[in-house]
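Undergrad: Only the shape, not the letters, is given here:
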């Protein structure tokens, strides 16, 4: 065999090595770099201070988180899965409370809807059901009769529902909630109140995921007493 002749198998092996080296060199540089940490949320941007601080009804050592929502709000419907995923893994010292919001007197029918569900012990079971009906199934729930018919389809006695919906207790809570919303200076939903002292929202943080990061950051701040 001539000294300068290269066997085909050797040529093939060299070509394979060359391609592998080129492929490795073409990998994105980011793949070899450590992940860049997200910057800490900034007060006044991703969240704001509530002034004056609002009273909370949780025991010492617990932090109240208020879920400000309106059943008619499409953004609240979109936020719901993210928020509920966070609730499923929330720290043990966090207490979640729902806070219905109505920016228009006509929307207060949905505040009454929530408080009637709560009075009957059905809020946890039917909260998502109401959202799904309105935004996924396009069920119109803007009159007492339409709401009563819908609730009856969920297995609740219609008279019992109507009596509860029209009760003094539900109407009083609806009126008081107006003052709560005003005191927190809520100007959009969904919003999340933290410890009576801070407020964040997807509209402030920039995304649903950023809102969750902000909530965790603010909770740590509250725990440290800052």
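TA: On my side now, so go ahead. Note that the structure is predicted; figures quoted are calculated from it, not measured.
Undergrad: Now do the strands in this structure.
TA: Assigned by DSSP state E, the chain shows strands spanning 47-49, 63-69, 94-100, 191-194, 198-200.
Undergrad: Quick check: which of the ones you listed is buried the most?
TA: Comparing the strands of the chain by mean neighbour count (mean count of other C-beta atoms under 10 Å), strand 191-194 comes out on top with a mean of 24. The way it works is simple: take the backbone N, C-alpha and C, and place the C-beta from them, glycine included.
Undergrad: how about low-confidence regions in this protein?
TA: By pLDDT under 70, the low-scoring segments of the chain are 1-36.
Undergrad: burial measure for residue 171, as a count.
TA: Residues lying near residue 171 (other C-beta atoms under 10 Å) number 16.
Undergrad: Distance check, the spatially most central residue of the chain against residue 189.
TA: Closest residue to the average C-alpha location of the chain: residue 83 at 2.9 Å, with C-alpha atoms, centre = their mean. From residue 83 over to residue 189 the distance is 12 Å, taken as C-beta to C-beta, to the nearest Å.
Undergrad: still on that earlier bit, need the strands of the chain in TSV (columns: distance to residue 157).
TA: Converted to TSV, the strands of the chain look like this (distance: least, C-beta to C-beta, whole Å):
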stretch	distance to residue 157
strand 47-49	43
strand 63-69	26
strand 94-100	23
strand 191-194	34
strand 198-200	38
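Undergrad: so which of those comes closest to residue 178?
TA: Closest to residue 178 of the strands of the chain is strand 94-100 (C-beta to C-beta; 10.4 Å).
Undergrad: Could you please name the strands that closest one pairs with and the direction of each pair?
TA: With DSSP bridges as the test, strand 94-100 is paired with strand 63-69 (parallel).
Undergrad: what does the strand it pairs with rub up against?
TA: For strand 63-69, contacts defined as C-beta atoms under 8 Å, 6 or more residues apart in numbering pick out 56-58, 76, 83, 90, 93-101, 181, 184, 186, 189-196, 215, 219, 222-223.
Undergrad: dump the residue contacts of residue 129.
TA: Contact partners of residue 129, counting by C-beta under 8 Å, 6+ apart, are residue 154.
Undergrad: And the helices in this protein?
TA: Here the chain has its helices, by DSSP state H, at 8-25, 74-88, 108-119, 123-135, 144-153, 158-165, 168-184, 202-205, 208-223.
Undergrad: okay, the ones you listed, which one's buried deepest?
TA: Ranked by mean neighbours (mean count of other C-beta under 10 Å), those are led by helix 108-119, with a mean of 22.
Undergrad: tell me which strands and helices it is in contact with?
TA: If contacts are counted by 3 or more C-beta pairs under 8 Å, 6 or more residues apart in numbering; DSSP states H and E, helix 108-119 sits against strand 94-100, helix 123-135, helix 144-153, helix 158-165, helix 168-184.
Undergrad: Repeat the analysis, applying 6 Å as the threshold.
TA: If contacts are counted by 3 or more C-beta pairs under 6 Å, 6 or more residues apart in numbering; DSSP states H and E, helix 108-119 sits against helix 158-165, helix 168-184.
Undergrad: Among those helices, which comes closest to residue 108?
TA: Taking C-beta to C-beta, helix 168-184 is the member of the helices and strands packed on helix 108-119 nearest to residue 108, at 5.7 Å.
Undergrad: Give me the contact list for stretch 192-209.
TA: The contact list for stretch 192-209, computed with C-beta atoms under 6 Å, 6 or more residues apart in numbering, reads 46-48, 50, 53-54, 56, 63, 65-66, 79, 82, 184, 188, 191, 211, 214, 218, 222.
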